[in-house]
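build me a model:
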Amino acid sequence: MKKKLLYVSAVIIFLYVTAVSTYQIVPAIKGRSAATHFLETLMLEKDGLSLVDYRNLRVNLSDNALEGSVYVTLKNQSVKKEYRIFLTFGGGRWSPKISHLQYIEADGVDETIEQWIRTINSTLS
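Numbers count the residues shown, from 1 in each chain. Predicted structure coming up:
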């Protein structure tokens, strides 16, 4: 009897861990992959403004919605500056796509990042 109870408990724990992994972890991994692919395709220069590098890409599941953030380095003419942008995902839980970029500036408006985000968001719409 104790062996059956132990076996059933192990099966229940295994199923629970599998369900949590599938429901919570897989969408975040897919979101990170989508964000990485998206950022790598943006490594183009447009009107003297280009994405030079990105780092610290984070994607997580919050209230059943994927969200993320990343530090991007933009080059405007010859000036490089790093910005933190926030990623909003759409496209569903199992096939996430970036639907919107957002930048929050504590020190006021920075025209370089505003121009870059306007350009990117217009292509996403």
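
tell me the buried residues in stretch 90-97?
For stretch 90-97, a neighbour-count test (16 or more other C-beta atoms under 10 Å) marks 96-97 as buried. Using the backbone N, CA and C atoms, a C-beta is placed for each residue, glycine as well.

got the contact list for it?
26-27, 30-31, 34, 38, 64, 66, 89, 98-100 (C-beta atoms under 8 Å, 6 or more residues apart in numbering).

ok so residue 109 is a strand residue?
No - the assignment for residue 109 (DSSP: H, G, I helix; E, B strand; the rest coil) gives coil, which keeps it out of a strand.

now do it against residue 29, distance only.
35 Å (C-beta to C-beta, to the nearest Å).

looking at these two, which has the bigger crowd around it?
Between residue 109 and residue 29, counted using other C-beta atoms under 10 Å, residue 29 has the larger neighbour count: 12 against 8.

picking that back up, in strands, which of the contacts of stretch 90-97 fall?
Of those, the ones assigned to strands by DSSP state E are 66, 89, 98-100.

where does the prediction get shaky in this structure?
44-47, 106-108, 125 (pLDDT under 70).

please enumerate the helices of it.
2-20, 26-41, 111-124 (DSSP state H).

okay, now the sheet partners of the longest strand along the chain, with direction.
Secondary structure assigned by DSSP E gives strand 49-62 as the longest strand of the chain. Using DSSP bridges, strand 49-62 pairs in its sheet with strand 45-46 (antiparallel), strand 65-76 (antiparallel).
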